[in-house]
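Undergrad: Predicted model and sequence follow; I will ask about them next.
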Amino acid sequence: MAAIGKERLGLYISIPFCRSKCTYCNFASGVYPASDHRRYVDRLVEDMRGSGAWAAKMGVALPRNVDTIYLGGGTPSVLEPNLIAALFGAMREEFAVDPNAEITVECAPGQIADETLDALVEAGVNRVSLGVQSFIDREAHVSGRLHSRSVVLSDLGRLRAAGIRNLNVDLIAGLAGQTAASWEESLSVLMDSGVTHASVYMLEVDEDSRLGREMLGGGARYYAELVPTDDAIAQMYERAIERLEGAGLRQYEISNFGQAGLLSRHNLRYWKRRPYLGVGLDASSMLLESSGGHVLRSTTMDDLKGFLAAPEPAETSWLSPDRQHEEAWFLGLRLNEGVNLSEMRGEFGNERVATALDAVSELIDRGLLTSDRETVRLTAQGRLLSNDVFQQFLATPSDRNGVAAGGPAR
Ligand code: SF4
């Protein structure tokens, strides 16, 4: 099962505040008054202080040494500088943060004030992820983004001048109005910008987002009729792989590309099933049982009002070794390096791994997986249909599921 050993922890801090709501977004994020920012950060600090007691109560190991921190959301850069300082101060009081820890903050272009940038540098932030989505201004605006291409490029320059050189840009294939030509242009600008990392997502419209409701119910406010077809989106994604790889941004996960040595260490933790603690709204944790082979997964509530007033316990489920084995397949297959069969057998035993090999053979026959005997990987087609592939590894009902008292947020 997942090894505890002298494992280090990853910390995920959810900041659910944005300046505006994107049309396709259905995250637990929104536009809230500054007074809520202060109350929310107070809660985060309190929850981090209570995390050790909660872990002990749940019977899971909570490593004190932290080697990756990720502030996501939402748009963490909307926090006032004094709140950024308070949050990182509390984090460093509660945990021993490695001197070479990767510390990432998601920022919205055009929303990084000079004082905010100073506060991020002061806090030790060494990686920034910019939610660009498109370098074509009209596509960004139609999606509800407030920035322009020139603002993004200026922010990248400011971040580098401040000493933050490990920079990620997110792009989305499938925005309303996007065409093959405009996608090529976005990719060219991204590559010319010299960023060290890119995340490229194929738009999946949630039916509860404003765009999703318009796609289902009709209307013209969010330009639903201009959303490209699934085939066009798939072609954009394949083109991104070709072009980014050609520019030295190697694909290492379905949606992620990076220069050698600058892959996202925090996100790799999720796919490699290394422990992390999520603090804040709608935050997930994965921690290993202190004695025994189970893994605890938990997720906190996603309603900000309730979270600030009277937080409910996190929803938790214990993953048995069978369930962990399934996860090892569908998380490991996300990575281009694939799933190593010897390592799987070493961790889960021959018998358990053998139960998955029928599904593997069938998926190889369908052209969605490839195998060189030692390693199993997604094919290019498998990456486009990855959810179908992962579904094949979900067979065993989890045991010991349920809602337990407490949660990392409490
Ligand atoms: S910035 Fe991110 S979290 Fe905020 S509304 Fe847009 S997509 Fe959602």
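TA: Now that the structure is in, tell me what you want to look at.
Undergrad: could you dump stretch 205-224 to CSV, C-alpha only?
TA: Written as CSV, here are the backbone C-alpha positions of stretch 205-224 (Å, rounded to 0.1, in the frame of the first residue of the first chain):
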residue,chain,number,x,y,z
VAL,A,205,-18.8,22.3,-19.5
ASP,A,206,-20.5,21.6,-16.2
GLU,A,207,-24.2,21.8,-16.5
ASP,A,208,-24.4,23.9,-13.4
SER,A,209,-22.1,26.6,-14.8
ARG,A,210,-23.7,29.6,-16.5
LEU,A,211,-22.3,28.4,-19.9
GLY,A,212,-23.6,24.9,-19.2
ARG,A,213,-27.1,26.0,-18.4
GLU,A,214,-27.1,28.1,-21.6
MET,A,215,-25.9,25.1,-23.7
LEU,A,216,-28.7,23.0,-22.3
GLY,A,217,-31.5,25.6,-22.2
GLY,A,218,-30.5,27.9,-25.0
GLY,A,219,-29.7,31.6,-25.0
ALA,A,220,-27.0,33.9,-26.3
ARG,A,221,-25.6,35.6,-23.3
TYR,A,222,-22.5,33.4,-22.8
TYR,A,223,-22.0,32.5,-26.5
ALA,A,224,-22.8,28.8,-26.0
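Undergrad: Show me how far it is from its chain's centre.
TA: 24 Å (Cα atoms, centre = their mean, to the nearest Å).
Undergrad: Now do the contacts for H325.
TA: M344, F348, R352, V353, A356, T396 (Cβ atoms under 8 Å, 6 or more residues apart in numbering). Heads up, the C-betas are built off the backbone N, CA and C, glycines and all.
Undergrad: what number of residues lie near the fifth one?
TA: Counted by other Cβ atoms under 10 Å, the residues lying close to A356 total 21.
Undergrad: Which strands or helices does the helix or strand harbouring G278 pack on?
TA: Assigned by DSSP states H and E, G278 falls within strand 276-279. Applying 3 or more Cβ pairs under 8 Å, 6 or more residues apart in numbering; DSSP states H and E, one finds that strand 276-279 makes contact with strand 9-15, helix 34-58, helix 265-271, strand 284-288.
Undergrad: Send me that strand as PDB with only the CA atoms.
TA: Written as PDB, here are the backbone C-alpha positions of strand 276-279 (Å, rounded to 0.1, in the frame of the first residue of the first chain):
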ATOM      1  CA  TYR A 276      -1.400  15.800   1.400                       C
ATOM      2  CA  LEU A 277      -3.600  17.900   3.700                       C
ATOM      3  CA  GLY A 278      -6.200  20.100   2.200                       C
ATOM      4  CA  VAL A 279      -7.300  23.100   4.300                       C
END
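Undergrad: Those residues of the stretch 101-250 of the chain touching the ligand, which are they?
TA: Residues of the stretch 101-250 of the chain that fall close to the ligand, judged by Cβ under 6 Å from any ligand atom: A108, G131.
Undergrad: Check which helix or strand the residue lying farthest from the centre of the chain maps to.
TA: Within the chain, the residue lying farthest from the chain centre (Cα atoms, centre = their mean) is E351, at 32.4 Å. If you go by DSSP H and E, E351 is part of helix 350-365.
Undergrad: Now that helix: average pLDDT?
TA: The pLDDT scores in helix 350-365 average 95.
Undergrad: three-state assignment of Y252?
TA: strand (DSSP: H, G, I helix; E, B strand; the rest coil).
Undergrad: For it, give me the pLDDT.
TA: pLDDT at Y252 comes out at 98.
Undergrad: residues near it, how many?
TA: 19.
Undergrad: before we move on, what about E362?
TA: E362, neighbours per other Cβ under 10 Å, totals 12.
Undergrad: residues in contact with the closest residue to it other than its chain neighbours?
TA: The spatial neighbour of E362 that comes closest, neighbours along the chain excluded (Cβ to Cβ, 6 or more residues apart in numbering), is Q392 at 7.3 Å. Each residue near Q392 by Cβ under 8 Å, 6+ apart is listed here: A359, E362, L363.
Undergrad: which residue packs closest to the first one, ignoring adjacent ones?
TA: It stands for A359. Nearest one to A359, counting by Cβ to Cβ, 6+ apart, is Q392 at 4.3 Å.
Undergrad: separation between the one you found and the ligand?
TA: 30 Å (Cβ to the nearest ligand atom, to the nearest Å).
Undergrad: what's that residue sitting at in phi/psi?
TA: The phi/psi pair for Q392 (degrees, to the nearest 10) reads phi -70, psi -20.
Undergrad: shouldn't T104 be in contact with L262?
TA: No - the criterion here is Cβ atoms under 8 Å, and T104 misses it with L262 at 11.5 Å.
Undergrad: Between these two, tell me which one has more neighbours.
TA: Between T104 and L262, counted using other Cβ under 10 Å, T104 has the larger neighbour count: 26 against 17.
Undergrad: which SSE is E185 in?
TA: helix 180-192.
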